[in-house]
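> structure, please.
(one chain, ligands or ions: 2)
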Amino acid sequence: MVPINTVRPLISCSSSSSGFDTGPSAPVPKVGFVKLPRSNGGNHARLSFVQATEESTVATTNGRVAAVSGENAHQMATNGKAGNIVWHKSSVDKVHRQELLQQKGCVIWITGLSGSGKSTLACALCHALYSKGKLTYILDGDNVRHGLNRDLTFKAEDRAENIRRIGEVAKLFVDAGVICIVSVISPYRRDRDACRALVPDGDFIEVFMDVPIEICEARDPKGLYKLARAGKIKGFTGIDDPYEPPLNCELALPPKGNSCASPCEMAETVISYLEEKGYLHA
Ligand SMILES: Nc1ncnc2c1ncn2[C@@H]1O[C@H](COP(=O)(O)OS(=O)(=O)O)[C@@H](OP(=O)(O)O)[C@H]1O
Ligand SMILES: Nc1ncnc2c1ncn2[C@@H]1O[C@H](COP(=O)(O)OP(=O)(O)O)[C@@H](O)[C@H]1O
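Numbering: from 1, shown residues only. Ligands and ions are numbered 1, 2, ... in the order given. Prediction:
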């Protein structure tokens, strides 16, 4: 048993069935890392360096899935236009990363109108989880549209592509063992459901900011509702573009009377859910 932070595994990943590389001059037994019991009181995950029992799975696709099983089957099945793509498997996988982080990867998908408090909740949640030693990453609509999605408008098909890309990135974070907090309007149910389908059951936690448009419009921190009402922005969600509220979300956060719970209280509600479902432990 070796602590991962002091002995680095000499691994080169392989897409073939040849197992793992143990370094330049080593004899090349098939070796890998298995079972990661928690170290006593420490933060370091521990790896057991053993003979590999499982080899990489190979499949050619040509648009079809061939002889793949388990999680990889899911990943191969989402392969797009390119054919002959082989899933490249690493000996350090999601289970190892989760053990390292002492948490489980998941997506907290915060949906709601502009001004409903998505970004505020995302930040409060990120902060509260950070205080508990949990690793999160926020994918905020406004921010992602500055880079990855800078080519997209607010037409329905561009919103769908925006959400699809964000869903794919979130899926990578889940595989990394990270708690990925997504704060995007994501107005279409179908697009949100498609993102839900990308990750294992239970790992997509949809949080609905159930705030009436009157409250959002009264807040209007960016002045966008005012511009939309004046006809200076066309296709603004909730004004002249649709928003489809979730039908079966994990959490809905409505206002109590005329006021909303504080961002910290909302964050605690989400954290209680994560705790109850076991996401804050490996
Ligand atoms: N036409 C239109 N409709 C809605 N929102 C608009 C529009 N134009 C610009 N904005 C600003 O873009 C932010 C929403 O981006 P998203 O990527 O979350 O939108 S979407 O999920 O693709 O619908 C949104 O940010 P939030 O206010 O944080 O929701 C707005 O500031
Ligand atoms: N729980 C809350 N109670 C009161 N005001 C809030 C709350 N959450 C957010 N706000 C305020 O509402 C405005 C919009 O919040 P924001 O997080 O930017 O919404 P969104 O990301 O959905 O557009 C901001 O001015 C913010 O300070």
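
> interface residues of the stretch 1-150 of the chain facing ligand 2?
By CB under 6 Å from any ligand atom, the residues of the stretch 1-150 of the chain that approach ligand 2 are Gly112, Ser114, Gly115, Ser116, Gly117, Lys118, Ser119, Thr120. For glycine as for every other residue, the C-beta is placed from the backbone atoms N, C-alpha and C.

> buried subset of those residues as a ChimeraX selection?
Buried residues among these (16 or more other CB atoms under 10 Å), as a ChimeraX selection:
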select :112,114,115,116,117,118,119,120
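
> residue numbers of this structure in contact with ligand 1?
Within reach of ligand 1 by CB under 6 Å from any ligand atom, the chain has these residues: 114-115, 118-119, 141-142, 145, 154, 159, 162-163, 184-187, 222, 224, 233, 235-237, 241.

> switch the cut-off to 5 Å
Ser114, Gly141, Asp142, Phe154, Arg159, Asn162, Val184, Ile185, Ser186, Gly235, Phe236, Thr237 (CB under 5 Å from any ligand atom).

> give the contact list for the closest residue in space to Ile239 that isn't next to it in sequence.
What sits nearest to Ile239 in space, not counting adjacent residues and going by CB to CB, 6 or more residues apart in numbering, is Ala228, at 4.4 Å. For Ala228, the contact set (CB atoms under 8 Å, 6 or more residues apart in numbering) comprises Lys234, Phe236, Ile239, Asp240.

> just give me the neighbour total for the closest residue in space to the last one that isn't next to it in sequence.
In space, and not counting its chain neighbours, Asp240 is closest to Lys234: 6.7 Å by CB to CB, 6+ apart. Using other CB atoms under 10 Å, the number of residues around Lys234 comes to 11.
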